[in-house]
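A.B. asks: No letters, just coordinates:
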């Protein structure tokens, strides 16, 4: 032996697209809908998200969970759509009844919370959606949004404060 160590490359298996679509499509639709506040735009965002997932399956390195990777793609798609010129012309009034089917039925208190989340500024809404609605950890939210973990923690704190104020009848102005 020459004393040289070789570094073995461990490759992650390429995820099965059909399984990813089945497993995450509804979750992505809900997040996109709450982000964009428009059903048809959310459906377009889901389609674009999974098109990008399909095209990049072979580049998934397993450095994050599949869910984090897919949500990162979805958030980028929504961000891009949100910043396009024609998007600003859409009526973005959303009600909980308009949301895609949830795995458990909504209760009345959920309606008020959903309305409050929808009314949050986008920077706070996106961390609330990923952390509470999608169950991502702070580090996964940070990775999905391309921001630091302290920023995620700060936005979660501010988002919770604004939601508390909204549910107590105060305004959500930033």
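C.D. replies: The structure has been received and is ready for your questions. In this text the structure is predicted, and so the values were computed from the model without any measurement.
A.B. asks: Show the contacting residues for the closest residue to residue 21 other than its chain neighbours.
C.D. replies: Counting by CB to CB, 6 or more residues apart in numbering, the nearest residue to residue 21 once its immediate chain neighbours are dropped is residue 50, at 5.8 Å. For glycine as for every other residue, the C-beta is placed from the backbone atoms N, C-alpha and C. Applying CB atoms under 8 Å, 6 or more residues apart in numbering, we find residue 50 in contact with 17, 20, 21, 25, 28.
A.B. asks: Okay, and which of those residues map to helices?
C.D. replies: Using DSSP state H, the subset of the contacts of residue 50 located in helices is 17, 20, 21, 25, 28.
A.B. asks: top of those residues by neighbour count?
C.D. replies: residue 28 (29 neighbours; other CB atoms under 10 Å).
A.B. asks: That one reaches residue 49, doesn't it?
C.D. replies: Yes. Using CB atoms under 8 Å, residue 28 is in contact with residue 49, at 5.7 Å.
A.B. asks: now the protein, which segments are flagged as low pLDDT?
C.D. replies: Along the chain, segments meeting pLDDT under 70 span 1-14, 85-110, 170-174.
A.B. asks: Helices along that one, start to end?
C.D. replies: Listed in chain order, the helices of the chain (DSSP H) span 17-36, 39-55, 66-82, 108-119, 122-128, 138-145, 149-167.
A.B. asks: Of the ones in helices among the contacts of residue 50, just say which sits nearest to residue 64.
C.D. replies: Ranked by distance to residue 64 (CB to CB), those are led by residue 20 at 13.8 Å.
A.B. asks: Name all residues that make contact with the closest one.
C.D. replies: 50, 53, 66, 70.
A.B. asks: Most neighbours among those, which one?
C.D. replies: residue 70 (27 neighbours).
A.B. asks: give me the number of residues near the residue lying closest to that one once chain neighbours are set aside?
C.D. replies: Distances taken as CB to CB, 6+ apart place residue 24 nearest to residue 70, at 5.2 Å, with adjacent residues excluded. For residue 24, the count of nearby residues is 22 (other CB under 10 Å).
A.B. asks: Residue 24 contacts residue 65, doesn't it?
C.D. replies: No. Using CB under 8 Å as the test, residue 24 is too far from residue 65 to be in contact (10.7 Å).
A.B. asks: picking that back up, can you convert the ones in helices among the contacts of residue 50 into TSV and add a column each for distance to residue 43?
C.D. replies: Putting these into TSV (distance: CB to CB, whole Å) gives the following:
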residue	distance to residue 43
17	18
20	17
21	14
25	10
28	10
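A.B. asks: out of those, who's nearest residue 160?
C.D. replies: Nearest to residue 160 among the ones in helices among the contacts of residue 50, with distances taken as CB to CB, is residue 28, at 23.9 Å.
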